[in-house]
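Enquirer: model this:
(2 chains)
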Amino acid sequence: DGGITQSPKYLFRKEGQNVTLSCEQNLNHDAMYWYRQDPGQGLRLIYYSQIVNDFQKGDIAEGYSVSREKKESFPLTVTSAQKNPTAFYLCASSITQRGTDTQYFGPGTRLTVL
Amino acid sequence: DAKTTQPPSMDCAEGRAANLPCNHSTISGNEYVYWYRQIHSQGPQYIIHGLKNNETNEMASLIITEDRKSSTLILPHATLRDTAVYYCIVREILAGNQFYFGTGTSLTVIP
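Expert: The predicted structure follows:
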């Protein structure tokens, strides 16, 4: 069954701890993305990666880090430097179809920092 | 920044067609119109996209005006499971990075 998986669905951490969110896709998509969503707001891009071993900062990269060692995986680390980490985190991957690239999203991870 | 304007909320009776409007008066020639929806606490779901011709798939139809300044997403027979926030997004061809999601339209399907 193809798709994008994010784990865990809910995550709780103490303030000052780093935490890594998992994102895996078996769709053979080249590009992957991380977004953050706060209540009542749209999505904001944190990082994206067009190919393995390469990634770029999005609009709100401060306090986050990523790696892209495998095509299927794009983990996001929320560091203690992120001032307000409690949010809903969404991973996406994309494929080019009919001349444009469409992004498909995972189910999300809700992170709560206590 | 989002380049679209959508009504904040709409209601639709179950079984009726839901017509969700979107204004994108500053759209340029190389920008597509995308529609996604997000059910509470889930990831956004891709619905449909188009450039200038009307499009239809198993989920919905997309009607784009001739001047491309507005579009309408049509869910032909709304069900309770269609209750969600619907996002209209305009985006350059192969922009390579993000989709700018605004606040969308919260559609409530009423039994």
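Enquirer: Spatially, what comes nearest to the most centrally placed residue in chain A if we skip its sequence neighbours?
Expert: Here the mean C-alpha position of chain A is nearest to the C-alpha of A:Trp34 (CA atoms, centre = their mean), at a distance of 2.8 Å. In this structure, A:Trp34 finds its nearest non-sequential neighbour in A:Ile46, 4.3 Å apart by CB to CB, 6 or more residues apart in numbering or on different chains. The C-beta positions use only the backbone N, C-alpha and C, and glycine is treated the same way.
Enquirer: Likewise for A:Ser93?
Expert: Nearest to A:Ser93 is A:His29, by CB to CB, 6+ apart, at 3.8 Å.
Enquirer: Correct me if wrong: that neighbour contacts A:Thr96.
Expert: No: the criterion here is CB atoms under 8 Å, and A:His29 misses it with A:Thr96 at 9.4 Å.
Enquirer: Which one's more surrounded, those two?
Expert: A:His29 (20 against 13; other CB atoms under 10 Å in any protein chain shown).
Enquirer: Would you mind measuring from that one to B:Ile63?
Expert: 29 Å (CB to CB, to the nearest Å).
Enquirer: In contact with B:Glu92, which residues?
Expert: B:Glu92 is in contact with B:Ser28, B:Asn30, B:Glu31, B:Tyr32, counting by CB atoms under 8 Å, 6 or more residues apart in numbering or on different chains.
Enquirer: List the contacts of residue 102.
Expert: Just going to use chain A. With CB under 8 Å, 6+ apart, A:Thr102 has these contacts: A:Ser94, A:Ile95, B:Tyr34, B:Tyr46, B:His49.
Enquirer: The intended chain is chain B.
Expert: By CB under 8 Å, 6+ apart, the neighbours of B:Gly102 are A:Gly42, B:Ala2, B:Thr4, B:Gln6, B:Tyr87, B:Cys88, B:Ile89.
Enquirer: Show me the residues you listed that map onto strands.
Expert: B:Tyr87, B:Cys88, B:Ile89 (DSSP state E).
Enquirer: got the residues you listed as a markdown table, with neighbour count columns?
Expert: A markdown table is the format used below for the ones in strands among the contacts of B:Gly102 (neighbours: other CB atoms under 10 Å in any protein chain shown):
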| residue | neighbour count |
| --- | --- |
| B:Tyr87 | 27 |
| B:Cys88 | 28 |
| B:Ile89 | 25 |
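Enquirer: ok, and of these, which contact chain A?
Expert: Among those, the ones lying near chain A by CB under 8 Å from any CB of the partner chain are B:Tyr87.
Enquirer: Surely B:Gln6 is in contact with B:Cys88?
Expert: Yes: contact status for B:Gln6 versus B:Cys88: in contact at 5.5 Å, counting by CB under 8 Å.
Enquirer: where do the contact lists of the two overlap?
Expert: B:Leu20, B:Cys22, B:Gly102, B:Gly104, B:Thr105.
Enquirer: May I ask which of the residues you listed has the most neighbours?
Expert: Going by other CB under 10 Å, B:Gly104 tops the shared contacts of B:Gln6 and B:Cys88 with 26 neighbours.
Enquirer: is it true that B:Val90 touches B:Trp35?
Expert: No: between B:Val90 and B:Trp35 there is no contact under CB under 8 Å: 10.7 Å.
Enquirer: Mind checking which of these two has more residues around it?
Expert: B:Trp35 (24 against 21).
Enquirer: Just list whatever residues bridge to that one.
Expert: B:Trp35 has these beta-bridge partners by DSSP bridges: B:Ile48, B:Cys88.
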